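In: this one's structure only:
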């Protein structure tokens with residue numbers, strides 16, 4: 001649905017976006033990550049046609065931004081990082097104004113749907129300047145989806161919200177993600193991990209990673225750590241490494257006289273969990289817990305974006 005090819009944006013001598021290329025499929029929820037100044041917002045503004053690229057192309061449903069900007073804008077709903085609202089208007093007046101700009105003919109029906117979807121029932125007739133930041137953000141969502149766009153682009157949608165408001169907005173994003181293609185830029189890595197099926201990390205204008213959370217974690221460190229809690233005689237623990245090849249026992253910690261926490265590591269492309277389970281079963285040890293510990297998305301992000309980080 002969306003295709004970027006060698007996209008570049010210069011501000012004078014500063015190159016903000018440096019020949020990036022990627023595609024976003026219909027129905028995909030993409031997390032777009034990067035440190036401040038990495039080029040995230042500039043890229044989003046070029047996709048929405050608010051900025052023109054210095055070079056390169058963007059196609060949205062086979063339409064080129066150099067030729068069909070108006071038609072592309074009709075397909076996109078956009079919530080910028082700094083939510084621009086006319087705060088002296090009521091919520092109804094503001095959405096009516098947006099509907100007139102968008103030339104929405106079925107305003108009453110769409111207004112009813114959007115108010116319900118965004119949880120604005122109790123504040124429709126209130127001036128926007130009297131609303132909390134969480135409700136103002138909901139109004140921003142409402143204007144972005146009022147024309148029922150196929151694509152929704154959200155730039156830092158939970159910035160500045162308190163924990164309760166973040167949860168509310170995150171649930172709204174999940175609902176919208178069931179019916180639209182979403183691009184979400186956020187500094188809250190847990191948020192991206194919770195709602196996005198794919199993540200792109202950009203640093204200094206270049207893409208440094210592209211894949212699911214699991215793929216990025218695997219690429220960062222091609223090792224899997226397995227944590228076992230076993231009821232096992234201490235003198236038999238050595239049989240784990242003797243009975244299974246290509247594993248490393250990282251640590252053994254007694255939890256009580258007969259129960260041990262054992263950390264095991266092996267190559268991610270050679271999954272040893274089934275072998276370990278079968279060995280435990282054959283030895284008649286009691287397995288209390290088995291869990292896999294992956295590298296955190298935060299660790300991947302820091303490694304790819306700090307100076308000297310290596311993939």
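Out: Cool, the structure landed. Worth saying up front: this structure is predicted, and the values here are computed from it rather than measured.
In: ok, and the helix or strand in the protein with the lowest average confidence?
Out: Least confident helix or strand of the chain, by mean pLDDT, DSSP states H and E, is helix 213-220 with a mean of 75.
In: following that helix, which helix or strand comes up?
Out: The element immediately downstream of helix 213-220 (helix or strand, assigned by DSSP states H and E) is strand 223-231.
In: So what touches the helix or strand following that next one?
Out: Using DSSP H and E, the helix or strand that follows strand 223-231 in sequence is helix 238-243. Helix 238-243 is contacted from outside by 247, 248, 249, 262, 264, 276, 279, 283, using C-beta atoms under 8 Å, 6 or more residues apart in numbering. (C-beta placed from N, C-alpha, C; glycine too.)
In: could you redo the last one with a cut-off of 10 Å?
Out: Contacts with helix 238-243, where a contact means C-beta atoms under 10 Å, 6 or more residues apart in numbering, come from 228, 230, 232-233, 236, 247-249, 252, 262, 264, 275-276, 278-280, 282-283, 285.
In: so where do the strands sit in the stretch 151-300 of the chain?
Out: For the stretch 151-300 of the chain, the strands defined by DSSP state E, counting those that start in this stretch cover 151-155, 181-185, 198-203, 206-211, 223-231, 248-254, 259-267, 286-293.
In: deepest of these, which one?
Out: Most buried of the strands of the stretch 151-300 of the chain, by mean neighbour count (mean count of other C-beta atoms under 10 Å): strand 181-185, with a mean of 24.
In: what about it, distance to the chain center?
Out: Strand 181-185 has its C-alpha centroid displaced from the chain centroid by 7 Å (C-alpha atoms, centre = their mean, to the nearest Å).
In: Name the strands paired with it and say parallel or antiparallel.
Out: The strands that strand 181-185 pairs with in its sheet are strand 29-33 (parallel), strand 151-155 (parallel) (by DSSP bridges).
In: For residue 79, which of the ones you listed is the nearest?
Out: Residue 79 sits nearest to strand 151-155 of all those, at 4.9 Å, using C-beta to C-beta.
In: ok so, going back, for residue 1, find the nearest of the strands of the stretch 151-300 of the chain.
Out: Evaluated over the strands of the stretch 151-300 of the chain, closeness to residue 1 peaks at strand 181-185, with 5.8 Å, by C-beta to C-beta.
In: Look at residue 273 and say how many residues are nearby.
Out: By other C-beta atoms under 10 Å, 13 other residues sit near residue 273.
In: follow-up on the earlier one: could the strands paired with strand 181-185 be laid out in TSV, adding distance to residue 174 and mean pLDDT?
Out: Compiled in TSV, the strands paired with strand 181-185 are given as follows (distance: least, C-beta to C-beta, whole Å; pLDDT from 0 to 100):
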stretch	distance to residue 174	mean pLDDT
strand 29-33	9	94
strand 151-155	12	95
